[in-house]
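Student: Quick one, structure for this:
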Amino acid sequence: MNRERITISFLAEDEDIIEHLQQIKTERTISSYIRHLIRQDILANPPINNLDKLAEMIASKLSNETLQIHSIQKKPTEITVSLEDKLIIDNLF
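Tutor: Prediction:
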């Protein structure tokens, strides 16, 4: 089995993280801990590589919240996102 090695650096102000990892080392390996966190992140937040899909998800989330989106149209049949809006959304993530 091939292993991939990745180096992670911490800054001086990451003292709290370093202390937490020292505690984790008493229970399990840091590698297994990080793999577990990454798997949780993947399962909870799968990456979205399609800007149209991302825009749809954001619009859906906003419409399900108490925030109201007012539109000129009475009943929009399709959500369209301009290239400028896509770039703004892309820069947010």
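
Student: Which helix or strand in the chain has the lowest average pLDDT?
Tutor: Every helix and strand of the chain was ranked by mean pLDDT, DSSP states H and E. The lowest is helix 51-64, at a mean of 75.

Student: Which SSE is immediately downstream of that helix?
Tutor: helix 83-92 (DSSP states H and E).

Student: Go ahead and produce PDB holding the CA coordinates of the least confident helix or strand of the chain.
Tutor: Taking Å, rounded to 0.1, in the frame of the first residue of the first chain, the C-alpha atoms of helix 51-64 are listed here in PDB:
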ATOM      1  CA  LEU A  51     -21.200  27.300 -10.200                       C
ATOM      2  CA  ASP A  52     -24.800  26.900 -11.400                       C
ATOM      3  CA  LYS A  53     -25.500  24.200  -8.800                       C
ATOM      4  CA  LEU A  54     -23.900  26.300  -6.100                       C
ATOM      5  CA  ALA A  55     -26.100  29.300  -7.100                       C
ATOM      6  CA  GLU A  56     -29.200  27.100  -7.000                       C
ATOM      7  CA  MET A  57     -28.300  25.800  -3.500                       C
ATOM      8  CA  ILE A  58     -27.700  29.300  -2.200                       C
ATOM      9  CA  ALA A  59     -31.000  30.500  -3.600                       C
ATOM     10  CA  SER A  60     -32.800  27.500  -2.300                       C
ATOM     11  CA  LYS A  61     -31.300  28.000   1.200                       C
ATOM     12  CA  LEU A  62     -32.200  31.700   1.200                       C
ATOM     13  CA  SER A  63     -35.800  31.000   0.100                       C
ATOM     14  CA  ASN A  64     -36.200  28.400   2.900                       C
END
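
Student: Just want the angle from it to helix 83-92.
Tutor: 80 degrees (axes from the mean of the first three to the mean of the last three Cα atoms, to 10 degrees).

Student: Report the central residue of the protein.
Tutor: residue 45 (5.8 Å; Cα atoms, centre = their mean).

Student: Kindly provide the distance from that one to residue 93.
Tutor: Residue 45 sits 11 Å away from residue 93, going by Cβ to Cβ, to the nearest Å. (Each C-beta comes from the backbone N, C-alpha and C, glycine too.)
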